[in-house]
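1. Okay, sequence plus prediction incoming.
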Amino acid sequence: MRNRKIVKFVRGLLLLLLFLSACSAGENDSFSQGNENKSDANTIDQESFSSELTQYVEKVMAEDRLPGAAVAVVYGDEIIFAEGFGWRDVENNLPVTRETLFHIGSMNKSFTAMMIATLVDQGLFDWNTPVVEIYPDFALSSEEATETVTMRHLLGMESGIPADAEDDFDVEYASGEDLFGYVKSVPLLDLPGNEFSYSNISASLAGYLAVIATGDDYPDLYSGYEQLLRERVLNPIGMKTAVMSVSDAENNPNYGKSYWLEDGEVVEAEREDFDGDPLAPSGVLKVNVVEMAYYVSTQLNGGQAPNGKQVVSEKNLAETWKPGLENYAMGWEVGEYEGVTLISHEGSFDNYLGITGFVPELDIGFVILTNSEEAGERLVEEIPTFVIDLMMDE
């Protein structure tokens, strides 16, 4: 759930994407039939690209003893690459497949932003509506901050809530409702909109405020968020196996364990994830690489899912991409290289590490998921280097 900055990835990932736009494919996974103007993946030599990328991934995984990974690349309406590598269960020799569930950590934040965008579409509130107009009992430690903080501030990490406020919140024994009581006493860094601070509490408050804004009767805020996310985002996109609770994930035979290295040996990591995490809107989803590719396609195609459903308006989806302080948008980090915008977000929690992103101008997106934060870091960082070298050879 805790985010790690990806500034050093921006240049390399962008070059990866530039290269992929010129690469090619044979057989591929078809996306929506209503976006025929987006791309023609049949002009891409997928066999050559897939072979080179597969060899690279397998080489790095072997050198770094990375147990398992899954990688997908989206070009316009189609998945041009989606493969699992290594093991989801080392002890039992069970392989990672395209259906293996990985914890996506803070990549979850953009899902929360998309869910909230659907409520803005509905007219329940605006991005700049003061939160107290949505929930009059909401309060921060500053009266002025309470009166001015908005959804945009909360999702954009500009609420004034410090990152380390999470350290004193009793996550394991608290509820989503408790988060609202706790935040009343948290000293703020500054008034909303004045200072950036990456806060899981801030993003989680936004998710729960969305639940409150619907006016629907839910057993509790966590359940309400789970149901609202499924109804507004997961189901419309076709993310049938994505789940929030770890118990549901473990009931899926394709759930992947996470690992760390001890004296160079792969050891199963002690689980931190638990059902009912009060910071759920900030990062609890478990998703497979193909369904993540569906999500990236929905971003690339103006809110239209692979099945043709319009999940969210293009206008309000684009609002979630607009950078604020430190180039952070609403659940996304925004970078630029020679006038081309790269929108991405990394996620790490429970010893999983991954990243997803897209370049709207080039109509390309990517997903990288690994089951070891320590052993997976190089794979995530060096894919751009590999592709740059390959491009120079070409």
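-> Cool, got the structure. Numbers count the residues shown, from 1 in each chain.

2. where along this structure do the strands fall?
-> With DSSP state E, the ranges of strands along the chain come out as 68-75, 78-89, 94-95, 102-103, 259-262, 265-268, 286-287, 333-337, 340-349, 352-359, 364-370.

3. which one of the ones you listed is the most hemmed in?
-> Greatest average neighbour count among the strands of the chain goes to strand 102-103 (a mean of 31), per mean count of other C-beta atoms under 10 Å. Using the backbone N, CA and C atoms, a C-beta is placed for each residue, glycine as well.

4. ok, now which ones touch the nearest residue to L228 once chain neighbours are set aside?
-> Leaving aside its sequence neighbours, L228 sits nearest to V211 (C-beta to C-beta, 6 or more residues apart in numbering; 5.7 Å). Applying C-beta atoms under 8 Å, 6 or more residues apart in numbering, one finds that V211 lies in contact with 218, 221, 224-225, 228.

5. can you check G354 too?
-> Counting by C-beta under 8 Å, 6+ apart, G354 touches 102, 104-105, 107, 346-348, 367-370, 376, 380.

6. Make TSV out of those and add distance to D170.
-> Output for the contacts of G354, formatted as TSV (distance: C-beta to C-beta, whole Å):
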residue	distance to D170
F102	27
I104	24
G105	21
M107	25
E346	26
G347	23
S348	22
V367	33
I368	33
L369	30
T370	30
G376	30
V380	32
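
7. what separates the residue positioned nearest the centre of the chain from E336, distance-wise?
-> Centroid-nearest residue in the chain: M107, 1.8 Å away (criterion: C-alpha atoms, centre = their mean). Distance, M107 to E336, using C-beta to C-beta, to the nearest Å: 21 Å.

8. Repeat that for P236.
-> P236 is 31 Å from E336, where distance means C-beta to C-beta.

9. List the contacts of the closest residue to H153 other than its chain neighbours.
-> Counting by C-beta to C-beta, 6+ apart, H153 lies nearest to P192, which is 4.2 Å off, once chain neighbours are set aside. For P192, the contact set (C-beta under 8 Å, 6+ apart) comprises 145, 148-150, 153, 158-160.

10. Look up how far E346 lies from the closest residue to E377 other than its chain neighbours.
-> For E377, ignoring the flanking residues on the chain, the nearest one in space by C-beta to C-beta, 6+ apart is L353 at 6.4 Å. L353 is 8 Å from E346, where distance means C-beta to C-beta.

11. Find residues that contact each of these two.
-> Each of 105, 380 lies in contact with both L353 and E346 under the rule C-beta under 8 Å, 6+ apart.

12. among the contacts of P192, which two are most distant?
-> Maximum pairwise distance among those (C-beta to C-beta): 11.9 Å, between T150 and G160.

13. Same drill for those two, tell me which one is more crowded.
-> Set side by side, T150 and G160 show more neighbours around G160, with 26 against 23, by other C-beta atoms under 10 Å.

14. from memory the more buried one sits against F196, does it?
-> No - contact criterion C-beta atoms under 8 Å: G160 and F196 do not qualify, at 10.0 Å.

15. Thought I364 was touching F358, still the case?
-> Yes - applying C-beta under 8 Å, one finds F358 in contact with I364, separated by 6.5 Å.

16. Quick check: neighbours shared by those two?
-> 74, 300.

17. Which members of the contacts of V211 are the farthest-apart pair?
-> Spanning the widest gap among these are L221 and L228, at 10.1 Å by C-beta to C-beta.

18. With only the CA atoms kept, save stretch 181-193 in CSV.
-> Output of stretch 181-193 as CSV, limited to C-alpha atoms (Å, rounded to 0.1, in the frame of the first residue of the first chain):
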residue,chain,number,x,y,z
GLY,A,181,-12.5,10.2,14.4
TYR,A,182,-8.7,9.8,14.3
VAL,A,183,-8.1,12.4,11.6
LYS,A,184,-9.7,15.1,13.8
SER,A,185,-6.7,15.2,16.0
VAL,A,186,-3.9,14.8,13.4
PRO,A,187,-1.7,18.0,13.2
LEU,A,188,-1.7,19.2,9.6
LEU,A,189,1.3,20.3,7.6
ASP,A,190,-0.5,23.2,6.0
LEU,A,191,-3.9,24.2,4.7
PRO,A,192,-5.3,22.1,1.8
GLY,A,193,-3.7,22.8,-1.5
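
19. The residue nearest to E377 contacts G376, doesn't it?
-> Yes - between L353 and G376 there is a contact under C-beta under 8 Å: 4.4 Å.

20. which residues do those two both contact?
-> Counting by C-beta under 8 Å, 6+ apart, the residues touching both L353 and G376 are T370.

21. returning to what we had before: nearest to V71 among the contacts of V211?
-> Y225 (29.1 Å).

22. need the contact list for that closest one.
-> When contacts are counted by C-beta under 8 Å, 6+ apart, Y225 touches 176, 207-208, 210-211, 280-281.

23. among those, which ones are buried?
-> Buried members of the contacts of Y225, counted by 16 or more other C-beta atoms under 10 Å: 176, 207-208, 210-211, 280-281.
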